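Novice: Structure of the sequence below:
(chains A and B)
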Amino acid sequence: MRRAKPNDRPVDVGRRVQNEVEIVLGQRKLLQRLVPGLMHAFIFWGFLVLFPTIVMAMIAAVDKHAELPWLGHQTWFGWMVDLFIVLVLVGIVTAVFIRKVVRPARFDGSHRGEADVILLLIAGVVVTLLCWHAAAHAAGLNDHVGPLSALLAKAFPSHGHAERVFVWAHLAVVLGFLRYLPHSKHLHIATAGINVWLARTSRPGRLEPLRFDVPDAELRFGAATIFDLTKKEVMDGFSCTECGRCQDACPAYATGKILSPKLLIMGIRDQVFAQSTEPIVGNGVPEEMIWDCVTCGACVEACPVSIEHIDHIVDLRRSRVMVDSAFPAEAEPMLRDVERTGNPWGKPQTERAAWAEALGVRVLEPGDPAPEYLYWVGCAASFDERAKKSAESTAKLLQKAGVDFAILGPRESCTGDPARRMGNEYVFQAHAEQNVATLKENNVQKIVASCPHCFNTLANEYGDFGGNYEVLHHTELLAQLVEDGRLQPAAGTQSITYHDSCYLARHNDVRMEPRKLLNVIGQPVEMKRSGKQTFCCGAGGAHMWMEERGTQINVERAREATETGAETLAVACPFCTVMLDDGVRETGATMRVADVSTLLAESLD
Amino acid sequence: MSGVLLFVEPGDELSLQALSLAHRLGDVRAVSVDGVYAPAAWAEAIAAAAEGADAIVAAGSDRGNELLAHVAARLDQPFAANVTAIDGDLVTRVRWGGSLLEEARLHGTPRILSVAPHTQPAAEAVTAEQLTVDTEGAVRVLETVSESTGGISLRDAKVVVSGGRGVGSAEAFAIIEELAGLLGGAVGCSRVVTSAGWRPHADQVGQTGTKISADLYVACGISGATQHIAGAKGAKKILAINTDPEAPIFASADYAVIGDLHEVVPAISAELRRVRGS
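Specialist: Numbers count the residues shown, from 1 in each chain, chains lettered A, B, ... in the order given. Sure thing, here's the model as predicted:
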């Protein structure tokens, strides 16, 4: 831990306290799944309430007549103790039921035996506590017990021997538990709180930059061995309880890839425990695993202890790409094209604004005054035939609403997002600096972006390179224009299901605005997985430019969309458009895939 | 000897460019190697010939860089690839595919460097001394086997006939193969086809497959995703056959047939046969 690299994160105490209250005390992430969530919450809250009883037992072990000041003779506390003993036992029974009867797949690959020992120890702690209280009450040593202890006391003799037996038994189990703890995944009771505190307070979509302007000794090119990991990354490993919520949410795992976010973290943790000097990739973590990830963030969102899996994936990729130059060969043209031509398909930059010519969209020249909104079109909507429709629709809508906007045309370049998610931080930073300089030439303040990946990069990541803007996604601006009455769409009857883009909904919490628009122009039906629980289209994390093995994520998602029976699948991302359009064709369904902006424009025609 | 040892390939423009930089470093002794390419063995001969030289230079071509990497490893000296300028031990070299110029100090004797292509004017050719190479026990290329099943590689084929989702099945590729055969071309396909397992990945045209440079590309039942076009845009002419007049492929096509490939492709093949009288 001492050798781990520092985390360069803001202090931000208010936000961190809020996380502790919500995620740790409030068990917010755990309660995303009600039954397992309550099971854990009962045990966790039980431990908080029952903690003073350990101190009481220690005092009583020395002198059975001594009591903890004040709390030791509060009858309400006795009642609380009884209540939480029952709740903890209910929790344990539920846990055993889940593990032994339901046996969900999320535990595949976890150390199940360890969990059994821990549950047994927890049961031991509360049962001995209950018996001690009952025996003490029977011996006339404790008049402040709750009703359950009082009832049970009838079964105990009035002489104090049983009390002696159980107070020591209780302490023995507690000490045994503490002895077992550091060697087990249950260590999380000590580390989870710290890990939640250390978690990023920025939007989850933001990756932290590598610093290249530091002395050689501090240079870091991602993570090759465990000694390159940041403190947070090491802590992530120590905090994992192998609950598998990440694995359950992972689109790569769901479609039979090697990646499981849980096994990734466990693999890294094993290397840390072994203090291995070997590279992580190829030892603790198979090579394929790091390339399977679509950086959708479902694992991060699901994790109850704020493990940030994407950071691990990206750091491992960075080392493979920048140090070893080893990555899936098919992604090489993308990296080269981003680097050389400023877009991932190697199209001439001069054609970037071709879609906008017929519409008369203003193209900013260097030095021109900034429009109210700079429309950041992105490579996909500039060059891809299917995605261009969304750029055309958005431009028409902005014109109709009288918004003062312009585009950069050939001066717009890839934001660097796919290169960065591939692990090529050099190429990303070069593009970030160039784009920030371009935007500065026109003193741009407000940006509307059509691509959620550009949106995320511009809004959350360019700040590290001196670019601070007010950035909206086009669905946000369009929703605002409809609300202000500047666009008046006609109500429609077509049934529409909306696919949340990971980089909008999960990484940036933009969920309501597209729905507000669809509520006006059609009859929305929700898919099983939506909002922050959305399922990726398969293109994120530079996967648009990689080959996929086995079942395809986009087909899986398209199937889910067609199951709603909706006529139209609305999307808000050019990559989702392409991926899901392909996916729908693959299923043989006739569902139409269209961007929200296109559907809105049609309702105004 | 002192001076510069330059490896040249006969008739290679890049070697002449390297020569003009080498001239600036001192007296040039040009050497070349004849025969089958065997990088380790050639490098051994170059290293031996460079005894006493204060610089070893070659063109920054694939071969030049590979040879000098071997030479550098053999002599246990550093190697600067793709250099554009040199002043003493200070070199400027091209990094990251041309997007970055890096200034670096090249320690080591002799200085080993390759010259970035197209950064120097070509010098007058000089006579190169032939080195004899002992290829006994060295890696040698015995045979070059083409990956493509039809014997014509997708990358170099003059005609490529490709099928997409519209083809419908692996078996239905027979009509695509037939047309490719008649045109003396190679068979390609889109990503959908390889995902479905109808064709091997080696046949895939596109961003993540092969980028072609054919005179004619015939795209049958391919909608034309940007990913696919990125691999096909090197073709001089594109003929697209698709039932959907809205298919994006038509935006990039020179010739368009809106119709069912299952009728159109056999009709073209039949017409070719008729014209050729067979």
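
Novice: For the stretch 51-200 of chain B, just list every one of the helices.
Specialist: Per DSSP state H, counting those that start in this stretch, the stretch 51-200 of chain B carries helices over the ranges B:62-75, B:174-182, B:191-195.

Novice: Which one, of those helices, ends up nearest to A:Glu476?
Specialist: Counting by C-beta to C-beta, A:Glu476 lies closest to helix B:191-195 out of those; the figure is 32.7 Å. In this view, the C-beta of every residue, glycine as well, is placed from N, C-alpha and C.

Novice: Show me what that closest one is packed against.
Specialist: helix A:574-587 (3 or more C-beta pairs under 8 Å, 6 or more residues apart in numbering or on different chains; DSSP states H and E).

Novice: Tell me which of the helices of the stretch 51-200 of chain B sits most buried.
Specialist: helix B:191-195 (a mean of 23; mean count of other C-beta atoms under 10 Å in any protein chain shown).

Novice: export that helix as CSV, just CAs?
Specialist: What follows is helix B:191-195, C-alpha atoms only, in CSV (Å, rounded to 0.1, in the frame of the first residue of the first chain):
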residue,chain,number,x,y,z
ARG,B,191,-18.4,-7.9,-40.9
VAL,B,192,-21.9,-9.3,-40.6
VAL,B,193,-20.8,-12.2,-42.7
THR,B,194,-17.8,-13.1,-40.7
SER,B,195,-19.8,-12.6,-37.4
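
Novice: Tell me who's in contact with A:Arg420.
Specialist: A:207, A:314, A:427-428, A:457, A:461 (C-beta atoms under 8 Å, 6 or more residues apart in numbering or on different chains).

Novice: Closest one of the residues you listed to A:Val510?
Specialist: Checking those one by one against A:Val510 (C-beta to C-beta), the nearest turns out to be A:Thr457, at 14.6 Å.

Novice: how many neighbours does the residue nearest to that closest one when sequence neighbours are not counted have?
Specialist: Distances taken as C-beta to C-beta, 6 or more residues apart in numbering or on different chains place A:Thr415 nearest to A:Thr457, at 4.2 Å, with adjacent residues excluded. By other C-beta atoms under 10 Å in any protein chain shown, 26 other residues sit near A:Thr415.

Novice: What of the one 4 residues further on?
Specialist: A:Ala419 sits with 25 neighbouring residues when counted by other C-beta under 10 Å.

Novice: Secondary structure of it: a helix, I assume?
Specialist: Yes: assigned with DSSP: H, G, I helix; E, B strand; the rest coil, A:Ala419 falls within a helix.

Novice: Pretty sure it sits against A:Ala432.
Specialist: No: using C-beta atoms under 8 Å, A:Ala419 is not in contact with A:Ala432, being 10.1 Å away.

Novice: Could you find the closest non-adjacent residue to B:Glu178?
Specialist: Leaving aside its sequence neighbours, B:Glu178 sits nearest to B:Ser269 (C-beta to C-beta, 6+ apart; 5.2 Å).

Novice: A:Ser19: what's it in contact with?
Specialist: Quick fix: residue A:19 reads Asn, not Ser. With C-beta under 8 Å, 6+ apart, A:Asn19 has these contacts: A:196-197, A:199, A:201, A:306.

Novice: typo on my end, it should be B:Ile222
Specialist: Applying C-beta under 8 Å, 6+ apart, the residues near B:Ile222 are B:162-166, B:190, B:228, B:240, B:242, B:247, B:249.

Novice: ok, and the most crowded of these?
Specialist: B:Ser162 (34 neighbours).

Novice: secondary structure element for the closest residue to A:Phe166 other than its chain neighbours?
Specialist: Distance criterion C-beta to C-beta, 6+ apart; nearest residue to A:Phe166, sequence neighbours excluded, is A:Trp132 at 3.8 Å. According to DSSP states H and E, A:Trp132 maps onto helix A:112-138.

Novice: Contacts for the next helix or strand after that helix next, please.
Specialist: For helix A:112-138, the following helix or strand on the C-terminal side (DSSP H and E) is helix A:147-153. The contact list for helix A:147-153 (C-beta under 8 Å, 6+ apart) reads A:78-79, A:81-82, A:85-86, A:130-131, A:133-135, A:137-138, A:142, A:145.

Novice: I'd like to know how far the residue of the stretch 201-350 of chain A found nearest chain B sits from A:Ala542.
Specialist: In the stretch 201-350 of chain A, the residue that lies nearest chain B is A:Glu330 (3.7 Å; C-beta to the nearest C-beta). Separation of A:Glu330 from A:Ala542 (C-beta to C-beta, to the nearest Å): 11 Å.

Novice: repeat for A:Asp464
Specialist: 20 Å.

Novice: quick one, phi/psi of A:Ala542?
Specialist: The phi and psi torsions at A:Ala542 (degrees, to the nearest 10) take the values phi 70, psi 10.

Novice: Surely it and A:Pro418 touch.
Specialist: Yes: using C-beta under 8 Å, A:Ala542 makes contact with A:Pro418 at a distance of 4.3 Å.

Novice: Pull up the overlap in contacts between those two.
Specialist: Listed as contacting both A:Ala542 and A:Pro418 by C-beta under 8 Å, 6+ apart are A:Met334.

Novice: And the strands in the chain?
Specialist: Defaulting to chain A. For chain A, applying DSSP state E gives strands covering A:373-376, A:405-406, A:446-449, A:470-473, A:495-498, A:523-525, A:568-571, A:592-595.

Novice: that's the wrong chain, I wanted chain B
Specialist: Counting by DSSP E, the strands of chain B are B:4-7, B:28-33, B:55-59, B:79-87, B:90-95, B:100-105, B:111-115, B:129-131, B:159-163, B:186-189, B:216-220, B:237-242, B:255-258.
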